[in-house]
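Trainee: Give the three-dimensional model of this entry:
(2 chains)
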Amino acid sequence: MEVEVRIPQIFRKYTGGLKQVKGNGKTIRELFNHLDLDYPGIKAQILTPEGELHRFVNVYLNDEDIRFLQNMDTSLGEGDVVSILPAVAGGGQLSAFSYQQSAKRAEL
Amino acid sequence: MFILDKGFAEEMIAHAREEVPNEACGLLAGVNGRVTKLYRCSSAEKSPYRYFVDAKEQLQAMREIDEKGWELLGIYHSHTHTEAYPSKTDVELAFYPDALHFIVSLADWEQPVIRAFRIVDEKIIEVKLLMVEMMES
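Mentor: A predicted model of the protein is given here:
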């Protein structure tokens, strides 16, 4: 399945500055594996070392957050649009330790 | 220096107060360094200590910003009890280096403080805010 992938500004250093690129795969997981062959390093920005979606990166299939679909196993259709957006998050008093803990919990 | 219409400053403060005890968050879009629209966002984490802009609301706002030819000029959130200065978490999670980070502190409820910062490569640089009444054209 060929899909269009929208790349956020902070990841464009991996795509040679391109805002959108073509990708392919039957699922989101396959798409990111293929994308990393064309644009080495991009997968590590989006996924954890275990291959799951990073807690602070949002990935959308068309208008839907993939966390509310089948996450990394979400199926892709011809002509779909996959958008990647780093989260907008932060907070007043969360320590780095608890951030790591919450990131870890999110991966479980 | 960043010129901010007082109306947007007041809206950020009103939003921050409405969300107490939790942190409020939102986005500021604009063009040529002037804010054209404030997006109040829901936080996916209702917490006094952290915020996480709802993923769907973020996508909708970003789409509109793109379609209108605007830029994401700022990200705002509130600190309910601490000063208007980026926390360690704010710095670690600053994924939009071109956006200013506006922090509304409600530590003094009667006199909220808004300060703005650029956070690039984990370095914090304060940007002076000049509040103005926007002239109706």
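Trainee: give me the number of residues near A:L85?
Mentor: Number of residues near A:L85 (other C-beta atoms under 10 Å in any protein chain shown) recorded here: 21. For glycine as for every other residue, the C-beta is placed from the backbone atoms N, C-alpha and C.
Trainee: for chain A, which spans come out with low pLDDT?
Mentor: Within chain A, the stretches with pLDDT under 70 are A:92-108.
Trainee: if we go to 50?
Mentor: Along chain A, the model assigns pLDDT under 50 to residues A:94-108.
Trainee: center of it, which residue is that?
Mentor: A:I46 (4.2 Å; C-alpha atoms, centre = their mean).
Trainee: That one contacts A:V57, doesn't it?
Mentor: Yes. A:I46 is within contact range of A:V57, at 5.2 Å (criterion: C-beta atoms under 8 Å).
Trainee: Pull up the overlap in contacts between these two.
Mentor: Common contacts of A:I46 and A:V57 (C-beta atoms under 8 Å, 6 or more residues apart in numbering or on different chains): A:I84.
Trainee: Can you name the residues of chain B sitting close to chain A?
Mentor: Residues of chain B lying near chain A by C-beta under 8 Å from any C-beta of the partner chain: B:23, B:25, B:27, B:41, B:45, B:47-53, B:55-56, B:58-59, B:62, B:75, B:77, B:79-82, B:86-90, B:92-98, B:101.
Trainee: Now, of these, which are buried?
Mentor: Using 16 or more other C-beta atoms under 10 Å in any protein chain shown as the burial test, the residues of chain B next to chain A include B:23, B:25, B:27, B:41, B:45, B:47-53, B:55-56, B:58-59, B:62, B:75, B:77, B:79-80, B:86-90, B:92-96, B:101 as buried.
Trainee: Ramachandran angles for the residue nearest to the centre of chain A?
Mentor: Backbone torsions of A:I46, given as degrees, to the nearest 10, read phi -100, psi -30.
Trainee: just B:Q60 next, same as before
Mentor: Backbone torsions for B:Q60, taken as degrees, to the nearest 10, come to phi -60, psi -40.
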